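Enquirer: Here's my sequence, what's the structure:
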Amino acid sequence: MQRSNSKTQLVEQTQKLRSLILLLPAFAEDFFRGISEVKQIRTRISYAHDMRIFFEYLLNNHPSFDSYESIHDFSVDDLETVTAIDIEKYTEYLTAYSSEDKNGVTKVFSNTAPGKNRKMSSLRSFYKYFYRKEVIRTNPTLLVDLPKLRERAVVRLDPNESADLLDAVEEGTNLSERQKLFHEKNKQRDLALVTLLLGTGIRVSECVGLDINDVDFSNNSFLVTRKGGDQEILFMPEEVAQALTKYVNEERKEMLKNTQTDPGALFLSLRRSRLTVSSIEKMVKKYALTAVPLKNISPHKLRSTFGTNLYRETNDIYLVADVLGHKDINTTRRHYVTMDEDRKKQAAKVTKLRD
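Expert: Residues are numbered from 1 along each chain as shown. This is a model prediction of the structure:
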């Protein structure tokens, strides 16, 4: 199976990363080169964004760097000037801060605990690299506690809610007049996409990366690229295969009727370009608001719904981990262990000591 379009996407992401690295101190290039074989391109792009925020903070708030005019004035030795207290101040700064974009427009940003954790993880990786290479002698990031994350209940769809969601996608009920116009043009695509997410549990990023050549309709299988770049063949239920076949043979074919080349991506926008993670998230939310308004449903919640259903049917946590692409079984266990607790509670209810 050819993945020429994915290669194009990789080239675009690599160019984006290189442009972001140019905005950082010169020594940062060593870090990104050093992690290139162990971190995905998307992760490195996130790291580059996060490191720019960190150096902008130092530039504008740390007294030791008052004389610096830009981020490019920083040297690797400056990392040892930063203390654990400075890192704690930076963590607090991330709660709410402002920054100018390339057009000089000031924007306000904020982070809750998960956002702070991610940025601190980026910073720890950055310091860890130079510390392990013996370029710096101290690593203050290890002396700072990460913000505590609250355990959140896993939101899933009940079977009847899954059916309601698919009905909403198919029929376009309770949509605005403007939304109905787009629904008429994209309902087969949207139904195929939501059915695929619910029926296979793949990540939204994996869904975005699918090419038309990755799907084998004769075998009801498809090739998915997991986090980390590993490729794996998954199988889809008949209902998923039917929805995909209908979309590919009708709506997608009609979309490309007057074009010379196929862009390659399985799921296309009206502009005949690959759908983005953001566009799929917005699409799922649009339909979910009409079908299950009391639950905040995202593509990841559809993935959790699939995992829940599979675990209920098989009671095999290792199978669920394998199908979902979890490298660590504990990740799977954290999401579905509550179901074991539910069964234990049920056992207590049916046990009677007195009539």
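Enquirer: can you give me the strands in the stretch 151-300 of the chain?
Expert: Counting by DSSP state E, counting those that start in this stretch, residue ranges of the strands within the stretch 151-300 of the chain are 215-216, 221-225, 231-235.
Enquirer: Out of the ones you listed, which is closest to residue 94?
Expert: strand 221-225 (31.4 Å; Cβ to Cβ). All C-beta spots, glycine's among them, are computed from the backbone N, C-alpha and C.
Enquirer: can I get the CA coordinates of the closest one in PDB?
Expert: The C-alpha coordinates for strand 221-225 follow below in PDB (Å, rounded to 0.1, in the frame of the first residue of the first chain):
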ATOM      1  CA  SER A 221      -9.600  -4.300   6.800                       C
ATOM      2  CA  PHE A 222      -7.500  -1.100   6.800                       C
ATOM      3  CA  LEU A 223      -4.000   0.000   7.600                       C
ATOM      4  CA  VAL A 224      -3.600   2.400  10.400                       C
ATOM      5  CA  THR A 225      -0.500   4.300  11.500                       C
END
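Enquirer: where does residue 83 fall, phi/psi-wise?
Expert: phi -100, psi 170 (degrees, to the nearest 10).
Enquirer: And for it, the neighbour number?
Expert: 14 (other Cβ atoms under 10 Å).
Enquirer: Now do it against residue 138, distance only.
Expert: Counting by Cβ to Cβ, to the nearest Å, the separation of residue 83 from residue 138 is 9 Å.
Enquirer: Residue 116 now?
Expert: When distance is defined by Cβ to Cβ, residue 116 is 22 Å away from residue 138.
Enquirer: Kindly report the same for residue 291.
Expert: 54 Å.
Enquirer: returning to that earlier point: same list, the strands of the stretch 151-300 of the chain, but as JSON lines with mean neighbour count please.
Expert: Formatted as JSON lines, these follow (neighbours: other Cβ atoms under 10 Å):
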{"stretch": "strand 215-216", "mean neighbour count": "18"}
{"stretch": "strand 221-225", "mean neighbour count": "19"}
{"stretch": "strand 231-235", "mean neighbour count": "13"}
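Enquirer: and of the ones you listed, who's closest to residue 285?
Expert: From these, taking Cβ to Cβ, the stretch that ends up closest is strand 221-225, at 23.1 Å.
Enquirer: Just list what the closest one packs against, helices and strands only.
Expert: strand 215-216, strand 231-235 (3 or more Cβ pairs under 8 Å, 6 or more residues apart in numbering; DSSP states H and E).
Enquirer: same thing but at 10 Å, please
Expert: With contacts taken as 3 or more Cβ pairs under 10 Å, 6 or more residues apart in numbering; DSSP states H and E, strand 221-225 sits against helix 177-200, helix 204-208, strand 215-216, strand 231-235, helix 238-246.
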